[in-house]
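Participant: This is the structure alone, sequence omitted:
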């Protein structure tokens with residue numbers, strides 16, 4: 001006998017990247033290669049038994065205030081969430097009627113359709129162009145499918161391509177539902193690129209930005225993120241659909257410290273950008289075709305003469321080097337490689353050289 005709902009029984013769950021106990025280089029889950037800032041670690045030392053004994057602030061006011069100040073907004077534009085993924089769930093629960101389709105791009109973050117299926121909604125996927133850009137009529141297609149919620153990751157995952165603010169504005173203007181722009185990797189965009197999406201929140205009442213503390217701030221182990229949107233979008237999630245105490249006290253305290261003292265985190269972003277450029281050059285020199293990336297990873301297509309991407313994945317794992325492979329259309333020939341420390345990245349290149357010389 002099974003007690004699962006029918007839609008849950010049918011779905012294939014999301015498969016996270018492998019978390020090996022030991023690795024020479026763990027480059028498969030896009031974590032920041034450096035520890036949190038000294039300010040965060042100092043805040044961690046201040047955690048005491050009294051903080052753990054009591055329930056946390058249900059509104060995460062101090063964290064939301066820090067986030068609002070960072071972005072030049074007021075706290076009623078911010079909601080704190082248990083990782084960015086909780087914001088995705090809240091958006092579905094709050095804005096998408098069960099059974100109505102969720103608009104997505106294809107390929108994209110594979111959790112989106114899983115969450116939609118749990119919600120009882122199908123996905124309506126619009127294929128991306130060969131360069132991973134979105135079709136100019138993507139919003140019209142979502143509207144035609146009667147999607148009332150859409151999720152668009154930018155920089156794109158798994159390619160790292162950046163959609164411009166003007167392009168995003170055009171999509172938001174045309175789309176008749178709520179547009180979630182998943183900015184999990186926004187911290188790694190080159191500062192020379194004019195890319196400030198906060199203005200979209202003021203211009204469009206249907207735009208909800210997703211930010212995470214996992215990548216840029218080295219806090220993946222805490223599970224902390226936040227949403228930025230018009231008060232009309234934030235209020236129902238904050239007062240009605242989120243869990244009563246959705247963000248624990250430790251995460252709130254450390255997240256606030258991370259946002260108020262960003263200098264060390266910003267230096268890690270600069271480091272990642274430099275290493276990203278180096279790895280792009282090195283992998284290209286080895287025959288890999290890499291998509292231009294503004295994230296903390298590269299999507300590298302394995303040279304046709306070197307066997308399969310899956311084969312290379314397994315050989316690298318045997319050397320203690322972990323990267324990500326996706327068994328789906330348009331991605332089977334590629335590996336997604338997180339940008340690690342210089343030593344980790346060099347270890348990957350050395351392992352690739354050894355594997356390719358021996359044949360994949």
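Facilitator: Received the coordinates, thanks. Bear in mind that the values here come from a model prediction, so they are computed numbers and not experimental data.
Participant: Number of residues surrounding residue 200?
Facilitator: Look at residue 200: counted by other CB atoms under 10 Å, it has 22 neighbours. Where you see a C-beta, it was placed from the backbone N, CA and C, and this is true even at glycine.
Participant: Quick one: residues in contact with the helix or strand harbouring it.
Facilitator: Using DSSP states H and E, residue 200 falls within helix 198-203. With CB atoms under 8 Å, 6 or more residues apart in numbering as the test, helix 198-203 has contacts from 71-73, 77, 165, 168-169, 172, 181, 207, 209, 228-230.
Participant: can you give me the strands for the stretch 1-150 of the chain?
Facilitator: For the stretch 1-150 of the chain, the strands defined by DSSP state E, counting those that start in this stretch occupy 25-26, 78-81, 102-106, 123-127, 149-153.
Participant: Any chance of the ones you listed in a markdown table with mean pLDDT as columns?
Facilitator: Putting the strands of the stretch 1-150 of the chain into a markdown table (pLDDT from 0 to 100) gives the following:
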| stretch | mean pLDDT |
| --- | --- |
| strand 25-26 | 94 |
| strand 78-81 | 99 |
| strand 102-106 | 99 |
| strand 123-127 | 98 |
| strand 149-153 | 99 |
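Participant: lowest-confidence helix or strand of this structure?
Facilitator: Between all helices and strands in the chain, the lowest mean by mean pLDDT, DSSP states H and E belongs to helix 6-10, at a mean of 77.
Participant: and that one, how far from the chain's centre?
Facilitator: Relative to the chain's own centre, helix 6-10 is displaced by 26 Å; criterion: CA atoms, centre = their mean, to the nearest Å.
Participant: The nearest residue to residue 141 once chain neighbours are set aside - how many residues pack around it?
Facilitator: Leaving aside its chain neighbours, residue 141 sits nearest to residue 126 (5.1 Å; criterion: CB to CB, 6 or more residues apart in numbering). Using other CB under 10 Å, residue 126 has 21 neighbouring residues.
Participant: so residue 126 bridges to which residues?
Facilitator: Assessed by DSSP bridges, residue 126 has beta-bridge partners residue 105.
Participant: picking that back up, quick one, which of the strands of the stretch 1-150 of the chain is nearest to residue 251?
Facilitator: Checking those against residue 251 by CB to CB gives strand 78-81 as the closest, at 8.3 Å.
Participant: distance of residue 270 from residue 244?
Facilitator: Counting by CB to CB, to the nearest Å, the gap from residue 270 to residue 244 is 39 Å.
Participant: now do residue 357
Facilitator: Taken as CB to CB, the span from residue 357 to residue 244 is 57 Å.
Participant: circling back: what's downstream of the helix holding residue 200, the next helix or strand?
Facilitator: Assigned by DSSP H and E, the successor of helix 198-203 is strand 207-212.
Participant: Determine the set of other helices and strands touching whichever strand or helix holds residue 180.
Facilitator: For residue 180, the host element (DSSP H and E) is strand 178-182. Other elements packing on strand 178-182 under the criterion 3 or more CB pairs under 8 Å, 6 or more residues apart in numbering; DSSP states H and E are helix 84-95, strand 149-153, helix 165-174, strand 207-212.
Participant: This completes my enquiry, with thanks.
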